[in-house]
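**Student:** Here is a sequence with its predicted model. Questions after.
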Amino acid sequence: LGIAPVGRAAGFTGFDGSLEGKGGGGVVEIATRNATIDWPQQWRAPAAVLRAEGRLEWQRFGNGVRLWLDDAFADSGHGIARGKVRLLLRPGEVPLMDISATAGNVDVTQAWRYLPTDKLSPKALKWLDAAFRGGRVTQASASITGPTVGFPYREGQGVFRATGHASGIRLHYADGWPELEGVESDFDFDGPALHAVASRGSIGGVPFTDAEVQSGDLREAIFAARGRTETDAGRAIRMLQSTPLAPSFGAVFADLTGAGPVKAETTMVLPIKQFDRRVVTVLANLEGVTLRQRAQPWEATDVTGDLWVRNREIESPALSGRALGGRWQASIATTKQTDGSLRTVVTGQGTLAGAALQPITRLPVNAGLAGTADWRGTLDVERNADSKVPARGTVRLTSDLRGLSSSLPEPFGKAADSSRPLALAA
């Protein structure tokens, strides 16, 4: 049996079954293979039905008709569904429906076939089309009670609820950003609103747990997300270096490597239609991290403290660690300028050892650098409002060199108890 689409109604071909009339009603027993549903008013492509079964009955009452579908089963090749439907039709009135269904083994990469084009904006559809790169909904259930128009009932005309579990999800949420991979998540819909909780997954190789995503209305395509991670500093740095934010942090960050434990909590507001207005906030706790510059022969070890990043802004009230043979402390502050550019200042102080300084300065082995000296310094980085413009930075370092001795010839020779003010800028 086949019927062409008419108006807003779907058409179908290849359906098999039996028909029995009963006075003011009747029964259709559906048992079909390799059928097709064509619904151009809602779907962008015909949907294959590899197998379908069910019992459809109808009965006239007064001036209306009741329809009910029991023991329904369908296999599209992209997932299976079971359920029942109740439908009430009266002349001049909007039909009422009551649907309950379950689904399983649904291939999310094929979800685009079933997205209702009249319920989602073109930008939301475009994003959803590209978003799901892998994974399955292992099980789901849904119920719909209300009129056949107005779904998903933004104004409360009816009730739509759905819950389920997704496994192995791979999600591409924006060009240039690392994908979410291996996501295990429970989700639920309440009308047009989505709430999902992920037990695990990864982004750019960084694992996360206890993640949550919410959207008040999928049509608006605005998502709020948060997640926690405990990972290695090297992985976290490499992930950030792979994002569009990396160029705005400058060449220093581009050549940074690291190792050691990091705990972080990330929150994001992602307006998919205006992704340049996203807000990404990361609060990281460093617990004995080692940081290195690929082009430099020194490293900072035992780096400890809290670091806050909001989009391109960086803040830290107190960081500490070891470098150049001594302890150091630093703070980071970012201010936004009137033209939208950012100025980030790292202020630090500490102690350096002559023995550690000698190989960095490439002085001869008989230079005799010994002892320790206190220092103060700043790193002042200016970043244009356009994140594609490279950052510019200036380093300033001062010390009286008291406590540091040198066996170099005059005028570079120095006793440990003497002072010799030093100021460097680059």
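**Tutor:** Yes, it's here.

**Student:** What segments of this protein are helices?
**Tutor:** Residue ranges of the helices in the chain, as given by DSSP state H, are 122-131, 233-241, 250-254, 354-361.

**Student:** Tell me which of these is the most buried.
**Tutor:** helix 233-241 (a mean of 19; mean count of other CB atoms under 10 Å). No exception for glycine: its C-beta is placed from N, CA and C like everyone else's.

**Student:** Pull the residues that contact that helix.
**Tutor:** Applying CB atoms under 8 Å, 6 or more residues apart in numbering, the external contacts of helix 233-241 come out as 178, 203-206, 229, 246, 249, 253-254, 256-262, 264, 284, 286, 289-291.

**Student:** Now which of the residues you listed would you call buried?
**Tutor:** 178, 203-204, 206, 229, 249, 253, 256, 258-260, 262, 264, 284, 286, 289-291 (16 or more other CB atoms under 10 Å).

**Student:** So which of these are in strands?
**Tutor:** Judged by DSSP state E, strands contain the following of the buried ones among the contacts of helix 233-241: 203, 206, 229, 256, 258-259, 262, 264, 284, 286, 289-291.

**Student:** Just put these in a markdown table and tack on distance to Ser121 and pLDDT.
**Tutor:** A markdown table is the format used below for these (distance: CB to CB, whole Å; pLDDT from 0 to 100):
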| residue | distance to Ser121 | pLDDT |
| --- | --- | --- |
| Ile203 | 26 | 89 |
| Val206 | 31 | 90 |
| Thr229 | 32 | 92 |
| Leu256 | 40 | 90 |
| Gly258 | 41 | 93 |
| Ala259 | 45 | 94 |
| Val262 | 38 | 95 |
| Ala264 | 33 | 93 |
| Ala284 | 35 | 94 |
| Leu286 | 42 | 95 |
| Val289 | 43 | 96 |
| Thr290 | 47 | 96 |
| Leu291 | 44 | 94 |
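
**Student:** how much space between Pro359 and Thr351?
**Tutor:** Using CB to CB, to the nearest Å, we find Pro359 at a distance of 18 Å from Thr351.

**Student:** swap that for Glu313, sorry
**Tutor:** 30 Å.

**Student:** Could you do Asp75 as well?
**Tutor:** As judged by CB to CB, Asp75 and Thr351 stand 72 Å apart.

**Student:** if we can go back for a sec, is it possible to export the ones in strands among the buried ones among the contacts of helix 233-241 to CSV including distance to Ser100?
**Tutor:** As requested, these are exported to CSV (distance: CB to CB, whole Å):
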residue, distance to Ser100
Ile203, 36
Val206, 40
Thr229, 38
Leu256, 54
Gly258, 52
Ala259, 53
Val262, 46
Ala264, 41
Ala284, 45
Leu286, 51
Val289, 52
Thr290, 57
Leu291, 56
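
**Student:** Can you add distance to Ala162 and mean pLDDT and give the helices of the chain back as JSON lines?
**Tutor:** Converted to JSON lines, the helices of the chain look like this (distance: least, CB to CB, whole Å; pLDDT from 0 to 100):
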{"stretch": "helix 122-131", "distance to Ala162": "16", "mean pLDDT": "84"}
{"stretch": "helix 233-241", "distance to Ala162": "32", "mean pLDDT": "90"}
{"stretch": "helix 250-254", "distance to Ala162": "43", "mean pLDDT": "76"}
{"stretch": "helix 354-361", "distance to Ala162": "61", "mean pLDDT": "78"}
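
**Student:** Is it possible to get JSON lines of those that adds distance to Gly14?
**Tutor:** Listed next are these as JSON lines, based on distance: least, CB to CB, whole Å:
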{"stretch": "helix 122-131", "distance to Gly14": "27"}
{"stretch": "helix 233-241", "distance to Gly14": "49"}
{"stretch": "helix 250-254", "distance to Gly14": "58"}
{"stretch": "helix 354-361", "distance to Gly14": "77"}
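
**Student:** out of those helices, nearest to Gly413?
**Tutor:** Each of the helices of the chain has some distance to Gly413 by CB to CB; the shortest is helix 354-361, at 12.9 Å.

**Student:** then that closest one to PDB, C-alphas only?
**Tutor:** C-alpha atoms of helix 354-361 as PDB (Å, rounded to 0.1, in the frame of the first residue of the first chain):
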ATOM      1  CA  GLY A 354      74.400  31.500  40.700                       C
ATOM      2  CA  ALA A 355      75.100  27.900  40.000                       C
ATOM      3  CA  ALA A 356      71.700  27.600  38.200                       C
ATOM      4  CA  LEU A 357      72.100  30.900  36.300                       C
ATOM      5  CA  GLN A 358      75.500  30.000  34.800                       C
ATOM      6  CA  PRO A 359      74.400  27.600  32.100                       C
ATOM      7  CA  ILE A 360      71.500  29.800  31.100                       C
ATOM      8  CA  THR A 361      73.700  32.900  30.700                       C
END
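
**Student:** what sits up against it?
**Tutor:** So helix 354-361 is contacted by 296-298, 324-326, 365, 367, 369-373, 404-406 (CB under 8 Å, 6+ apart).

**Student:** Figure out how far that helix is from the centre of its chain.
**Tutor:** 44 Å (CA atoms, centre = their mean, to the nearest Å).

**Student:** From here on, call the first residue 20.
**Tutor:** Sure, I'll start numbering at 20, so the last one becomes helix 373-380.

**Student:** which stretches of the stretch 20-169 of the chain form strands?
**Tutor:** 30-32, 36-41, 44-57, 66-80, 83-94, 99-108, 115-126, 151-166 (DSSP state E, counting those that start in this stretch).

**Student:** List just the one of the ones you listed that sits closest to Gly177.
**Tutor:** So among these, strand 151-166 is nearest, using CB to CB, at 1.6 Å.

**Student:** elements contacting that closest one?
**Tutor:** strand 115-126, strand 178-190 (3 or more CB pairs under 8 Å, 6 or more residues apart in numbering; DSSP states H and E).

**Student:** CA-only coordinates of the shortest one in PDB, if you can.
**Tutor:** Presented in PDB, the C-alpha positions along strand 115-126 are these (Å, rounded to 0.1, in the frame of the first residue of the first chain):
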ATOM      1  CA  LEU A 115      -5.400  15.300  20.300                       C
ATOM      2  CA  MET A 116      -2.800  12.700  20.800                       C
ATOM      3  CA  ASP A 117      -1.400  10.500  23.500                       C
ATOM      4  CA  ILE A 118       1.900   8.700  22.700                       C
ATOM      5  CA  SER A 119       4.200   6.600  24.700                       C
ATOM      6  CA  ALA A 120       7.300   4.900  23.100                       C
ATOM      7  CA  THR A 121      10.700   3.400  23.800                       C
ATOM      8  CA  ALA A 122      13.700   3.300  21.500                       C
ATOM      9  CA  GLY A 123      17.100   1.600  21.500                       C
ATOM     10  CA  ASN A 124      20.400   1.300  19.600                       C
ATOM     11  CA  VAL A 125      19.800   4.600  17.800                       C
ATOM     12  CA  ASP A 126      22.600   5.800  15.600                       C
END
